[in-house]
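Participant: Predicted model follows, preceded by the sequence.
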Amino acid sequence: MIELTKPQIITKNNEPAFAVIPWIEYEYLVKNLAVPEEFDVWFPNDVVKANVRGDSLIKAWREHFGLTQGELSQKAGIKQPALARLEKADANPRKSSLKKLADAMGITLEQLLD
């Protein structure tokens, strides 16, 4: 058994958002803990960084895939100004809009939920 260290906590809006742990501890946890399927959601590092600095997950994922607002809005079947509003940090998009965007980017709805 490994001895766990204290994780580094990254906050967003003064709330804990992420915990950073040593790789060896992460590997141990992945191998030895059963994670419920609904928690099995991954985020690339650049998406996490963008979200921590204040970008919405919609914008962070769009930029991760190298898409413009025009390209993503066309793929999702929404207008570009509507996408611009949805990308604002204080936006509260409907799940139906998030589903369209997730499908257009080939990710899951859970990967767009804050």
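Facilitator: That came in fine, so what should we check first?
Participant: Need the CA coordinates for the helix or strand bottoming out on mean pLDDT in the chain. PDB is fine.
Facilitator: Comparing helices and strands within the chain by mean pLDDT, DSSP states H and E singles out helix 23-32 as the least confident, with a mean of 81. Presented in PDB, the C-alpha positions along helix 23-32 are these (Å, rounded to 0.1, in the frame of the first residue of the first chain):
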ATOM      1  CA  TRP A  23       1.100  10.100 -10.600                       C
ATOM      2  CA  ILE A  24       1.800   7.000  -8.600                       C
ATOM      3  CA  GLU A  25      -1.200   7.700  -6.400                       C
ATOM      4  CA  TYR A  26      -3.400   8.300  -9.400                       C
ATOM      5  CA  GLU A  27      -2.300   4.900 -10.900                       C
ATOM      6  CA  TYR A  28      -3.000   3.200  -7.600                       C
ATOM      7  CA  LEU A  29      -6.500   4.700  -7.400                       C
ATOM      8  CA  VAL A  30      -7.400   3.800 -10.900                       C
ATOM      9  CA  LYS A  31      -6.300   0.200 -10.500                       C
ATOM     10  CA  ASN A  32      -7.800  -0.300  -7.100                       C
END
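Participant: what's the next secondary structure element after it?
Facilitator: Next in sequence after helix 23-32, counting helices and strands by DSSP states H and E, comes helix 45-52.
Participant: Could I get the average pLDDT for that following helix?
Facilitator: Confidence over helix 45-52 (mean pLDDT, whole number) is 92.
Participant: A strand includes Ile10, no?
Facilitator: Yes. Looking at Ile10 with DSSP: H, G, I helix; E, B strand; the rest coil, it is inside a strand.
Participant: Could you pull up the residues touching it?
Facilitator: Neighbouring residues of Ile10 by C-beta atoms under 8 Å, 6 or more residues apart in numbering: 16-20, 52. In short, each C-beta sits where N, CA and C put it, glycine included.
Participant: go again using 10 Å as the cut-off
Facilitator: For Ile10, the set of contacting residues under the criterion of C-beta atoms under 10 Å, 6 or more residues apart in numbering consists of 16-20, 48-49, 52.
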